[in-house]
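Q: Next come a sequence and a model predicted from it.
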Amino acid sequence: MKDLVEYIAKALVEQPESVSVSQASGNEGEDVIELRVAPEDRGRVIGKNGRTAHAIRTLLSAIQPEGKNTTLEILD
């Protein structure tokens, strides 16, 4: 899942070398994927009214195993 988020983010931004994706464990065994991009590219990843970020989260939920939760966080 981490690779998918990185691939999508690099395709969206103008500075793909600044994309950084890490995966950590959250509460109750939940996976947390943390996405960092350049400040001027943050709007491209979030999208108008959060639509792009919501679409990425939807893709993550579609490919995750049954009974497992994954959260995408876009960090500063």
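A: Here it is on my side, so go on.
Q: Do I have it right that Ala9 meets Val45?
A: Yes - counting by CB atoms under 8 Å, Ala9 touches Val45, with 5.8 Å between them. Glycine gets a C-beta too; all of them are placed from N, C-alpha and C.
Q: and for those two, which residues touch both?
A: Counting by CB atoms under 8 Å, 6 or more residues apart in numbering, the common neighbours of Ala9 and Val45 are 35, 37.
Q: can you list contacts of stretch 3-13?
A: By CB under 8 Å, 6+ apart, stretch 3-13 touches 16, 19, 21, 33, 35, 37-38, 41, 44-45, 52, 56, 59-60, 63, 72.
Q: Narrow the residues you listed to those that are buried.
A: 19, 21, 33, 35, 37-38, 41, 45, 52, 56, 60, 72 (16 or more other CB atoms under 10 Å).
Q: Kindly list the longest helix within the chain.
A: helix 51-63 (DSSP state H).
Q: what's that helix packed up against?
A: helix 2-12, helix 42-46, strand 70-75 (3 or more CB pairs under 8 Å, 6 or more residues apart in numbering; DSSP states H and E).
Q: Indicate which one of these is closest to Gly29.
A: With CB to CB as the measure, strand 70-75 is the member of the helices and strands packed on helix 51-63 nearest Gly29 (10.7 Å).
Q: for the record, mean pLDDT for that closest one?
A: Per-region confidence: strand 70-75 scores 92 on mean pLDDT.
Q: quick one on the thing from earlier: now the buried ones among the contacts of stretch 3-13 as a markdown table including distance to Met1?
A: Converted to a markdown table, those look like this (distance: CB to CB, whole Å):
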| residue | distance to Met1 |
| --- | --- |
| Val19 | 15 |
| Val21 | 9 |
| Ile33 | 6 |
| Leu35 | 11 |
| Val37 | 17 |
| Ala38 | 22 |
| Asp41 | 21 |
| Val45 | 16 |
| Thr52 | 17 |
| Ile56 | 10 |
| Leu60 | 6 |
| Leu72 | 9 |
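Q: Just flag the most distant two among the residues you listed.
A: The widest separation within the buried ones among the contacts of stretch 3-13 (CB to CB) is 22.0 Å, between Ala38 and Leu60.
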